[in-house]
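J.: test case, fold it:
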Amino acid sequence: MAKIKTKFVCGNCGYASAKWLGKCPECDAWNSFSEEVETPALTRGFDIKGTNNRPVLLKDVEVTDELRYSSGIGELDIVLGGGIINGSLVLVGGDPGIGKSTLLLQVANYVGMNHKKVLYVSGEESIRQTKLRSDRLGVTDATVFIIAENNMDAVVRYVDELQPDLLIVDSIQTMYCSEVSSAPGSVSQVREGTMKLMNCAKSKGVATFIVGHVTKSGAIAGPKVLEHMVDTVLYFEGEKHNIFRMVRAVKNRYGSTNEIGVFEMTNLGLMEVKNPSAIFLSEKTVDACGSVITAVIEGSRPVLVELQALVSESNYASARRTAVGLDYNKTVMLLAVIDKIAGLTLHTLDCYLNVVGGMSITEPSPDLAVMAAIASSYREKQVSNRTVIFGEVGLTGEVRSVTHCQQRIAEAKRLGFEMCIVPRKNMEGLSPVTGMQVYGVETVQEAFEYIFK
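T.: Numbers count the residues shown, from 1 in each chain. Have a look, this model is predicted:
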């Protein structure tokens, strides 16, 4: 009898070792190795229709007119790059209970109502449980097929029989392949199962959505190769106690990765938020110290958000700095610039910063607004609630230009704001906006003169 060979595989990155290791040499994760039986991969490569896996000229590849079709949810279409593409493989990740299954069931309903066939594979819920949720969401179309199945080979067989236009697998961590002896959710099972789904999607032109679990740190569970194999990776952002959810693409072979979709969780499912700026500003306190409005660009659209700062006496040996929704290192740098350039003594004071609404900002345009909010709280002087401030700030206190200045100002005007503080460099070629006062500044000191005059 042949000896069974085993190996130890890192559950975080997929690194394989002949013996157990406490720390993964590839990703530096601790206690992430688990023992698996070595099994040769049996999955074949996919066959593009009509090519028989033979090289063809790129110019000779035929693309049908119906390359994309709508998911029925405009915000999701924006994130996907314009809609669902036949043969695409999309991975949807997020915290438990944030709305992944709800969103995909709503997509299945709309696609099924538009004369397309949908197969929904539930690996976590029974058919009865899914039916109860579908009744609450109003999913009643007859062309949505559902099966509670964990065997990936059976799923591929059902796809061959039904020939669906859309396949939804919830979730990949519950699926297993019979030729792989390890448990469902292991590195080998996730990798082999995703490979089979990719072959099925590419060879049959079936658009496939995969739900993926996340770890405690918020990353997609399983090997990193899972994100490399799929065409698009979508992350759900938001907190359970907050009714608003954001879907962001961190990888997209068919569109931009800068777009976001904003949703509101209701008892009837996820509803689109057409005007995110109004939502983020809906509960702003009028004329409060430390509150400033700034304009950020998310993908191709401007969004106005509220920044709040609190500067208070420190009760500790060293002052605390806390930033929620902003980069911590950038915040510390801006505090140093204020201390040095603007003359505000902050090194003995606690500073807390927050982006209202649970939004995370990564671009540098809110720098000037962050400094204005800190100065407002420190000086106990209010910033007008009719003013929008944006601009990148350098270490010497200069205010640098930002992109899409015209769109930011237009969004502020649409929501009733009357004044904008912008970098002076952006004033070049800027079209005037009726009813909006726009001031260009070159330094932080000059900006504070406009803001606190």
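J.: which parts of the stretch 1-150 of the chain are helices?
T.: 74-80, 100-113, 127-137 (DSSP state H, counting those that start in this stretch).
J.: and for the stretch 201-350 of the chain?
T.: 225-229, 276-280, 328-337.
J.: what helices or strands is the last one leaning on?
T.: In terms of contacts (3 or more C-beta pairs under 8 Å, 6 or more residues apart in numbering; DSSP states H and E), helix 328-337 is packed against strand 321-324, strand 349-355, helix 367-379. To be clear about C-beta, it is placed using only N, CA and C from the backbone, and glycine gets the same treatment.
J.: switch to 10 Å and redo it
T.: strand 321-324, strand 349-355, helix 367-379, strand 392-393 (3 or more C-beta pairs under 10 Å, 6 or more residues apart in numbering; DSSP states H and E).
J.: let me know which of those is the nearest to residue 96.
T.: Counting by C-beta to C-beta, residue 96 lies closest to strand 321-324 out of these; the figure is 21.7 Å.
J.: pull out the buried positions in the closest one.
T.: residue 323 (16 or more other C-beta atoms under 10 Å).
J.: helices or strands up against it?
T.: Short answer (3+ C-beta pairs under 10 Å, 6+ apart): strand 321-324 packs on strand 301-313, helix 328-337, strand 349-355.
J.: what lies in contact with it?
T.: Under the contact criterion C-beta atoms under 10 Å, 6 or more residues apart in numbering, strand 321-324 has outside partners 308-310, 328-332, 334-335, 346, 349-356, 358-360, 370.
J.: so where's the stretch 51-200 of the chain shaky on pLDDT?
T.: Counting by pLDDT under 70, the stretch 51-200 of the chain contains low-confidence ranges at 51-53, 63-66, 141-142.
J.: of all the helices and strands packed on helix 328-337, which lies closest to residue 434?
T.: Between the helices and strands packed on helix 328-337, helix 367-379 lies closest to residue 434; by C-beta to C-beta that is 24.0 Å.
J.: domain assignment for this structure?
T.: 1-38, 45-50+66-274, 279-451 (automatic domain parsing).
J.: and the end-to-end length of the last one?
T.: Counting by C-alpha to C-alpha, to the nearest Å, the length from the leading to the trailing residue of domain 279-451 is 25 Å.
J.: which of the helices of the stretch 201-350 of the chain sits most buried?
T.: Comparing the helices of the stretch 201-350 of the chain by mean neighbour count (mean count of other C-beta atoms under 10 Å), helix 276-280 comes out on top with a mean of 19.
J.: what's the end-to-end length of stretch 156-167?
T.: Per C-alpha to C-alpha, the first residue of stretch 156-167 is 10 Å away from its last.
J.: and the contacts of stretch 7-16?
T.: Taking C-beta under 10 Å, 6+ apart as the rule, stretch 7-16 contacts 17-21, 23-38, 182, 185-188, 190-191, 215, 217, 219, 221-226.
J.: buried residues in that stretch?
T.: For stretch 7-16, by 16+ other C-beta under 10 Å, it's 8, 9, 10, 11, 12, 13, 14, 15.
J.: rebuild those as CSV, extending it with pLDDT.
T.: Listed next are the buried residues of stretch 7-16 as CSV, based on pLDDT from 0 to 100:
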residue, pLDDT
8, 85
9, 82
10, 82
11, 73
12, 71
13, 73
14, 73
15, 81
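J.: in strands only, show me the residues you listed.
T.: Among these, DSSP state E puts 8, 9, 10 in strands.
J.: distance check, residue 366 against residue 329.
T.: Taking C-beta to C-beta, to the nearest Å as the measure, residue 366 falls 15 Å from residue 329.
J.: just residue 54 next, same as before
T.: Residue 54 is 52 Å from residue 329, by C-beta to C-beta.
J.: what's the neighbour count on residue 255?
T.: 19 (other C-beta atoms under 10 Å).
J.: now do the same contact list for the nearest residue to it once chain neighbours are set aside.
T.: Leaving aside its chain neighbours, residue 255 sits nearest to residue 81 (1.8 Å; criterion: C-beta to C-beta, 6 or more residues apart in numbering). Applying C-beta under 10 Å, 6+ apart to residue 81 gives the contacts 68, 88, 232, 249, 252, 253, 254, 255, 256, 257, 259.
J.: need the max-distance pair from those residues.
T.: Going by C-beta to C-beta, the pair spanning those furthest: 68 and 257, at 17.2 Å.
J.: more neighbours, these two?
T.: residue 68 (18 against 15).
J.: wait, that one touches residue 77, no?
T.: Yes. Using C-beta atoms under 10 Å, residue 68 is in contact with residue 77, at 8.5 Å.
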